[in-house]
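Novice: dropping a prediction and its sequence here:
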Amino acid sequence: MNIDRAVLGFAGTMILASVALAYFVSPYWLWLAVFVGANLLQSSFSGFCPLARILARFGMQPGCAFPRRS
């Protein structure tokens with residue numbers, strides 16, 4: 001697994017968790033989905049993703065979307 005796939009998997013998990021929590025607990029949990037979606041949108045333009053940097057520090061292999069930066 002590379003960083004790209006891990007970031008997409010984590011984002012998808014957070015969105016699904018947010019929707020489930022909004023349904024079962026409180027609609028305010030939808031703000032988590034908004035935050036994740038906004039972060040994905042800004043990373044598509046800037047190429048910067050905080051999770052990608054964290055995963056790179058743990059030694060995960062880079063992918064096309066988030067290449068290793070020195």
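Specialist: Thanks, I have it.

Novice: let me know the secondary structure of the residue sitting nearest the centre point of the chain.
Specialist: Note on the chain: the residue nearest the mean C-alpha position is A11, at 3.8 Å, using Cα atoms, centre = their mean. What DSSP: H, G, I helix; E, B strand; the rest coil gives for A11 is helix.

Novice: so which elements touch the helix or strand of the chain with the lowest mean pLDDT?
Specialist: Here the helix or strand of the chain ranked lowest by mean pLDDT, DSSP states H and E is helix 50-57, holding a mean of 92. If you count contacts as 3 or more Cβ pairs under 8 Å, 6 or more residues apart in numbering; DSSP states H and E, helix 50-57 packs onto helix 3-24. Bear in mind the C-beta positions are built from the backbone N, C-alpha and C, glycine included.

Novice: any idea of the angle the helix it packs on forms with helix 50-57?
Specialist: 130 degrees (axes from the mean of the first three to the mean of the last three Cα atoms, to 10 degrees).

Novice: for the very next helix or strand once past helix 3-24, give the mean pLDDT please.
Specialist: Next helix or strand after helix 3-24 toward the C-terminus (DSSP states H and E): helix 30-46. In this model, helix 30-46 has an average pLDDT of 95.

Novice: got the angle for helix 30-46 vs helix 50-57?
Specialist: Angle between the axes of helix 30-46 and helix 50-57 is 70 degrees (criterion: the same axes, to 10 degrees).

Novice: which residues does helix 30-46 contact?
Specialist: With contact meaning Cβ atoms under 8 Å, 6 or more residues apart in numbering, helix 30-46 is reached by 11, 14-15, 17-19, 21-22, 48-50, 52.

Novice: if we go by neighbour counts, what in it is buried?
Specialist: Going by neighbour count (16 or more other Cβ atoms under 10 Å), the buried part of helix 30-46 is 32-33, 36, 39, 43.

Novice: same list, those residues, but as JSON lines with distance to G63 please.
Specialist: Compiled in JSON lines, the buried residues of helix 30-46 are given as follows (distance: Cβ to Cβ, whole Å):
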{"residue": "L32", "distance to G63": "25"}
{"residue": "A33", "distance to G63": "24"}
{"residue": "V36", "distance to G63": "19"}
{"residue": "N39", "distance to G63": "17"}
{"residue": "S43", "distance to G63": "13"}
